[in-house]
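Enquirer: Need coordinates for the following:
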Amino acid sequence: MTPAPHHHEYVIRVGYADTDQMGFVHHSRYLVYFESARTELLRTTGTSYRQWEERGVLLPLTGCSVDFIKAGRYDDVLAIRTRLESCSRLRVSFRYEVVQQESATLLATGATHHVFMTPDGKPTRAPADLLGLLAPFIPPTSSSQ
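Expert: Residues are numbered from 1 along each chain as shown. Below you'll find the model as predicted:
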């Protein structure tokens, strides 16, 4: 994934608590970074996860992956680039790149997959107006269902 108008960039500095004994960003932190980046992407649309939930639309994770390329370290400034890989009324998938900002080194790539669900745990169709807010983050070559 290359930076494009269809992505959102979330910047974070690696804290000491984010690292393991070797001084590397602990592998579990990448999913936390992905969640924060996704949340901020939604915020840029003029809405938030909280507002989606208030409307009865939840986005539970149904799958995820992370490919580690190079280790991040304490105090690195990371840019997490997020875009939609696919989006339908039932499901949405996000892709991520984690880049060490100073050197522009790609550290990791990943994906998360979600289903739209009601608070009582039933799959639901996302409202068209909410899906419309995500449209700018879907590259033209992505599949929309």
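Enquirer: pretty sure I138 is in contact with H7, am I right?
Expert: No - I138 lies out of contact with H7 (C-beta atoms under 8 Å); the separation is 10.5 Å. The way it works is simple: take the backbone N, C-alpha and C, and place the C-beta from them, glycine included.
Enquirer: Overlap of the contact sets of those two?
Expert: Taking C-beta atoms under 8 Å, 6 or more residues apart in numbering as the contact definition, I138 and H7 share the neighbouring residues R83.
Enquirer: Look at those two and report which has more neighbours.
Expert: Comparing I138 with H7 by neighbour count (other C-beta atoms under 10 Å), the higher total belongs to H7, at 21 against 18.
Enquirer: how about the nearest residue to the more buried one, chain neighbours excluded?
Expert: Spatially, and ignoring its direct neighbours in sequence, H7 is nearest to R83 (4.2 Å; C-beta to C-beta, 6 or more residues apart in numbering).
Enquirer: ditto for V92
Expert: Across the structure, with C-beta to C-beta, 6+ apart as the measure, the residue nearest V92 apart from its sequence neighbours is H114 (5.2 Å).
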